[in-house]
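>>> how would this look folded up:
(chains A, B, C and D)
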There are 2 protein chains.
Amino acid sequence: MKQMTQRQAEILEYLREFIGREGFWPSIRDVQEHFGFRSTNAVMGHLRALERKGYVNRIPGQARTFRLLSDDGLPAGAVETEEIPVYGSIAAGYPDRIESSGEVGRLLVDIHTANIRRGGKTFALRVTGDSMIGAGIQNGDMVVVHPGIPRDGDIVAALIDGETTLKRYVHPRGGTPYLKAENPSYPELYPTTELVIQGIARAVIRNL
Amino acid sequence: MKQMTQRQAEILEYLREFIGREGFWPSIRDVQEHFGFRSTNAVMGHLRALERKGYVNRIPGQARTFRLLSDDGLPAGAVETEEIPVYGSIAAGYPDRIESSGEVGRLLVDIHTANIRRGGKTFALRVTGDSMIGAGIQNGDMVVVHPGIPRDGDIVAALIDGETTLKRYVHPRGGTPYLKAENPSYPELYPTTELVIQGIARAVIRNL
DNA sequence: GATAATAGTGCTCATTTGTTCAAAGATTGC
DNA sequence: GCAATCTTTGAACAAATGAGCACTATTATC
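All right, here's what the predicted structure looks like:
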């Protein structure tokens, strides 16, 4: 496989970044706009080069149909990996706002390892506090969170009355769902105004 | 979130299947063709329902721009990853021989996520037993182990008197090292003949 | 029995989007 | 120096694609 140029690598990186961020591929004009090109043909040239060199594959004439073939330096579609943005920390203690100013890091795991599926907006949060200690989630752990509908017993990142916390979701048959800490020193949390589930914890990663 | 109908679930499943197989989203007409509809509007109806019920999200007017909100994940690739062999399970309980007949699986993680170095003889083991529960390591967790010389307080995979276990390594100043469980129901382990450290636990990964 | 939601057909339309032709300056290898 | 490749501009086109309107049937729901 031929070497790609600096500019071509930038284009390729943007494709990666876009699909990771948005969940679908960019159009030619999305790429054009991002790089500030005055013509879509600037993009076409690079894409043709990347295709010729074997980094990218597309369905001719069809919209947003990329495939990363890669290998060189970086992995690709063959291995089902997911780059997960880390959005800051979440309180596993008393509810708090998520402490984050956007993305603060990235995790990369394959989807089986992290127990996630393709297509959604998975993210990760660093846990602060010890209210989930009974579930083996400690202060400083990283939780991989996936948006979805929780079932009774799931551990969730939840927005309760305007603040965010990591707790176990309990939904009694016919009752109102509430949040339960896995630590006797913390009370159950019953929502007074709202309970929004931001995501379900799918995996816990801890560095020792 | 409202319940979806049988037909709507079929549509959703097709979206999943398609993105998983092709790597990009289908167009409305792709869906139409697959189900044999005579009109694209049949698809539109179902998509509108799925959107209204919160299972799917799209960018209006733009091609192949789906997002699955409930149960799914996506592609991408990126940084320094390491494929770690999984060698079976290790007892975090009473010492036992490592139950393994060679490699039984693989983990793929990036080296920062798993706190490891490249090129080492890192491996992973599934934990059996609950003797490390106090350190937040549960039955069924995966531990990433890296060979090395342990320091006092490290969690290690150790061979003690011919059997293997996962424990905390304690080395008192001027004393003999021993192994300590993080669970009051288990005793300290003092080696009678040998204590070989097979590796230091660097990370714990748990799927929820 | 009325009303709403579901499940389609058929057709048309406007945009989105990929593609092509023509051209030119910059860089690199021979 | 010359050819090849890279990088970009600009304009125009045609196909791909999502979306709307009108209408029919069936199945729940109240």
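>>> and A:Ile160, how far from A:Tyr169?
Going from A:Ile160 to A:Tyr169 by CB to CB, to the nearest Å gives 11 Å. Yep, even glycine has a C-beta here, placed from its N, CA and C like the rest.
>>> list residues touching both of these two?
A:Leu179 (CB atoms under 8 Å, 6 or more residues apart in numbering or on different chains).
>>> how does chain A divide up, domain by domain?
When chain A is parsed with automatic domain parsing, its domains come out as A:6-68, A:81-205.
>>> what ranges do the strands span in chain A?
Counting by DSSP state E, chain A has strands at residues A:56-58, A:66-68, A:81-91, A:105-110, A:118-119, A:123-128, A:142-146, A:155-160, A:163-170, A:178-180, A:195-207.
>>> the second one and DNA strand C in contact?
Right, strand A:66-68. No - using CB under 7 Å from any atom of the strand, strand A:66-68 stays clear of DNA strand C, with a minimum separation of 8.2 Å.
>>> given that strand, what are its sheet partners and their directions?
Strand A:66-68 pairs in its sheet with strand A:56-58 (antiparallel), by DSSP bridges.
>>> likewise the last one?
Strand A:195-207 has its sheet partners listed here by DSSP bridges as strand A:142-146 (antiparallel), strand A:155-160 (antiparallel), strand B:195-207 (antiparallel).
>>> quick check: buried residues in it?
Using 16 or more other CB atoms under 10 Å in any protein chain shown as the test for burial, strand A:195-207 gives A:195, A:197-207.
>>> what about stretch A:190-208, average pLDDT?
Averaged over stretch A:190-208, pLDDT sits at 76.
>>> er, stretch A:144-151 I mean
Mean pLDDT, stretch A:144-151: 76.
>>> now the end-to-end length of that stretch.
End-to-end distance for stretch A:144-151: 17 Å, by CA to CA, to the nearest Å.
>>> and what of stretch A:176-184?
21 Å.
>>> chain center to it: distance?
Stretch A:176-184 sits 25 Å away from the centroid of its parent chain (CA atoms, centre = their mean, to the nearest Å).
>>> same question, stretch A:58-72
In terms of CA atoms, centre = their mean, the centre of stretch A:58-72 is set 22 Å apart from its chain centre.
>>> show me which positions of it end up buried.
Applying 16+ other CB under 10 Å to stretch A:58-72 flags A:58, A:63-70, A:72 as buried.
>>> who are the packing partners of the top helix by length along chain A?
If you go by DSSP state H, chain A has its longest helix at helix A:6-22. Under the contact criterion of 3 or more CB pairs under 8 Å, 6 or more residues apart in numbering or on different chains; DSSP states H and E, helix A:6-22 touches helix A:28-35, helix A:40-52, strand A:66-68.
>>> swap the cut-off to 6 Å and go again
In terms of contacts (3 or more CB pairs under 6 Å, 6 or more residues apart in numbering or on different chains; DSSP states H and E), helix A:6-22 is packed against helix A:40-52.
>>> which residues sit against stretch A:40-47?
The contact list for stretch A:40-47 (CB atoms under 6 Å, 6 or more residues apart in numbering or on different chains) reads A:8, A:11, A:28-29, A:31-32.
>>> same check on stretch A:174-183?
Residues contacting stretch A:174-183 (CB under 6 Å, 6+ apart): A:131-135, A:158, A:167-168, A:170-171, A:188-190.
>>> which single one of these is nearest to DNA strand C?
Looking at the contacts of stretch A:174-183 and their distance to DNA strand C, the nearest is A:His171, at 22.8 Å (CB to the nearest atom of the strand).
>>> quick one: pLDDT of the closest one?
A:His171 carries a pLDDT value of 83.
>>> run through the residues that contact it.
Contacts of A:His171 by CB under 6 Å, 6+ apart are A:152, A:177.
>>> switch the cut-off to 10 Å
With contact taken as CB atoms under 10 Å, 6 or more residues apart in numbering or on different chains, A:His171 is in contact with A:150-154, A:177-178.
>>> what residues does chain A put near DNA strand D?
A:5-8, A:35-42, A:45-46, A:49, A:61-63, A:65.
>>> which one of the strands paired with strand A:195-207 lies closest to DNA strand C?
Checking those against DNA strand C by CB to the nearest atom of the strand gives strand A:142-146 as the closest, at 25.0 Å.
>>> distance from that closest one to the middle of the chain?
The answer for strand A:142-146 is 8 Å, by CA atoms, centre = their mean.
>>> what's the angle from that strand to strand A:123-128?
140 degrees (axes from the mean of the first three to the mean of the last three CA atoms, to 10 degrees).
>>> what are the buried residues along strand A:142-146?
By 16+ other CB under 10 Å, the buried positions in strand A:142-146 come out as A:142-146.
>>> quick one on the thing from earlier: dump the longest helix of chain A to CSV, keeping only the CA atoms.
In CSV, the C-alpha atoms belonging to helix A:6-22 read as follows (Å, rounded to 0.1, in the frame of the first residue of the first chain):
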residue,chain,number,x,y,z
GLN,A,6,0.0,14.7,4.9
ARG,A,7,-3.1,16.3,3.5
GLN,A,8,-4.6,12.9,2.6
ALA,A,9,-4.0,11.7,6.1
GLU,A,10,-5.9,14.8,7.4
ILE,A,11,-8.8,13.9,5.2
LEU,A,12,-8.8,10.3,6.4
GLU,A,13,-8.6,11.4,10.0
TYR,A,14,-11.6,13.7,9.5
LEU,A,15,-13.6,10.8,8.2
ARG,A,16,-12.7,8.8,11.2
GLU,A,17,-13.4,11.6,13.6
PHE,A,18,-16.8,12.3,11.9
ILE,A,19,-18.1,8.8,11.9
GLY,A,20,-17.0,8.5,15.5
ARG,A,21,-18.7,11.7,16.5
GLU,A,22,-21.8,11.6,14.5
